[in-house]
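Asker: curious how this folds, go ahead:
(one chain, ligands or ions: 1)
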Amino acid sequence: MQNVRHFVIMGVLVVAMSFGVYYGLNASGLYPVEASAQAIQVDWLMNLHMELISFFFSLIVVPLLYSLVVFHRRNGDTSDGQYFEGNTALEITWTIIPLVIVLGLGYIGAQNLTEINAADPDALSIQVIAYQWAWKFQYPEGFTSTDLYLPIDKQVNFELTSQDVIHSFWVPEFRIKHDVIPGTTEYLRITPIRLGSYKLRCAEICGVGHSYMIANVYVVSQADYDAWVAQQVQAAKTAATVPDPTRGQQFYQTGGCKACHSIDGSPGVGPTWKGLYGSQVKLTDGTTVSADDAYLVESIKSPNAKIVAGFSANVMPKFGSILSDSQIADLVAYIKTLK
Ligand code: CUA
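Answerer: Below you'll find the predicted structure:
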């Protein structure tokens, strides 16, 4: 009768603690908002794990603490403890139950993954080009952007490629992420379901500018998306004609330049752009060049051609394969404004 009483008390404590741990974990606000259809799937499975974790954590901790308090050795008690031979029934039980749970979770997980990867034949294809240290998006209409605009409630099939090292495509609010590997194309399907602005972050250590490898993500209505696409198509047509420092500045912010080059004279991985245009630049070979248009274009396209004194070769990617000539002209126009 004594034993039954202990089990009843522990049972009640286990149930109470399970709820406490579960609600405590949930209340800690571990997750960002669910902004994709895939996020709902991921969170559902994660929640199931959290429920199990809360229960099993309590199932172990409650009897442990209960035994410490209730069954500790009393003062003056010098007798030996009882001798146990083991308990075959108990051992079989606590082997089979976890086995069934793990197999069940494996099955549920595989089903969940199938649903997450389900392909919509009408999906929008966007090419994602990762490079040290920024993102570029190639849209089916032929233009590129450093911001990622997505229409709501439409599956997007991202085609992921890298120009240099391994990066990783990750928008926390979309939950799922995927490595971006040089020399191959990887695919990732996401269906945004919540209007708003988010951040795409690189989730793979990829060099000194890794932490700067962030792009803006905007989930907009279909009408706003169509308007944005039309505007980009129009901008791409006129871009070739006149260099524009504002476009150059935008690329500086989002295209990867900011990671290494300051615009206020402060030191960085590469030379600052403040006062650069028209200045005399000392090179590692002891010579001096004038920072004119030709020098800036060459340094963007082939950074190893001339190395500025105090800096190293092979640090900056060759932007000649990333930027168009008109984009480089925009950047030079921007550098000219940084007096
Ligand atoms: Cu790209 Cu980290």
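Asker: what is the burial count for whichever residue of the stretch 51-200 of the chain sits closest to the ligand?
Answerer: Proximity of the stretch 51-200 of the chain to the ligand (Cβ to the nearest ligand atom) peaks at His167, 3.5 Å away. Where you see a C-beta, it was placed from the backbone N, CA and C, and this is true even at glycine. The burial count assigned to His167 is 31, neighbours taken as other Cβ atoms under 10 Å.
Asker: with Ser36 instead?
Answerer: Counted with other Cβ under 10 Å, Ser36 comes out at 25.
Asker: how about the nearest residue to it, chain neighbours excluded?
Answerer: Nearest residue to Ser36, sequence neighbours excluded (Cβ to Cβ, 6 or more residues apart in numbering): Phe174, at 4.1 Å.
Asker: so which bits of the stretch 1-150 of the chain are right by the ligand?
Answerer: Contact residues (Cβ under 6 Å from any ligand atom) of the stretch 1-150 of the chain with the ligand: Trp133.
Asker: keeping just the C-alphas, turn stretch 125-143 into PDB.
Answerer: Coordinates of each C-alpha in stretch 125-143 appear next as PDB, following Å, rounded to 0.1, in the frame of the first residue of the first chain:
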ATOM      1  CA  SER A 125      11.800  29.800 -60.200                       C
ATOM      2  CA  ILE A 126      14.300  32.200 -58.800                       C
ATOM      3  CA  GLN A 127      18.100  31.700 -59.200                       C
ATOM      4  CA  VAL A 128      20.100  32.500 -56.100                       C
ATOM      5  CA  ILE A 129      23.700  33.300 -56.600                       C
ATOM      6  CA  ALA A 130      25.900  33.400 -53.500                       C
ATOM      7  CA  TYR A 131      29.300  34.900 -53.400                       C
ATOM      8  CA  GLN A 132      31.700  36.300 -50.800                       C
ATOM      9  CA  TRP A 133      29.900  38.100 -49.200                       C
ATOM     10  CA  ALA A 134      26.500  38.800 -50.600                       C
ATOM     11  CA  TRP A 135      23.500  37.400 -52.400                       C
ATOM     12  CA  LYS A 136      22.200  38.100 -56.000                       C
ATOM     13  CA  PHE A 137      18.800  37.000 -57.300                       C
ATOM     14  CA  GLN A 138      18.200  36.300 -61.000                       C
ATOM     15  CA  TYR A 139      14.500  36.500 -61.900                       C
ATOM     16  CA  PRO A 140      12.800  34.700 -64.800                       C
ATOM     17  CA  GLU A 141      12.100  38.100 -66.500                       C
ATOM     18  CA  GLY A 142      15.900  38.500 -67.000                       C
ATOM     19  CA  PHE A 143      16.900  41.100 -64.400                       C
END
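Asker: strands along the stretch 51-200 of the chain, start to end?
Answerer: 124-131, 134-138, 144-145, 148-151, 156-162, 167-170, 177-180, 186-190, 196-202 (DSSP state E, counting those that start in this stretch).
Asker: least confident of the ones you listed, on average?
Answerer: Lowest mean pLDDT within those: strand 144-145, at a mean of 89.
Asker: list the contacts of Leu59.
Answerer: Val14, Ser18 (Cβ atoms under 8 Å, 6 or more residues apart in numbering).
Asker: go again with 6 Å.
Answerer: Val14 (Cβ atoms under 6 Å, 6 or more residues apart in numbering).
Asker: model confidence for it, exactly?
Answerer: So, for Leu59, pLDDT stands at 94.
Asker: Trp228: what's it in contact with?
Answerer: Counted by Cβ under 6 Å, 6+ apart, Trp228 has contacts Tyr149.
Asker: let's see 8 Å
Answerer: Tyr149, Val220.
Asker: so which bits of the host helix or strand of Val15 are buried?
Answerer: Using DSSP states H and E, Val15 sits within helix 2-27. For helix 2-27, the neighbour count (16 or more other Cβ atoms under 10 Å) marks Met10, Leu13, Val14, Met17, Ser18, Val21, Tyr22, Leu25 as buried.
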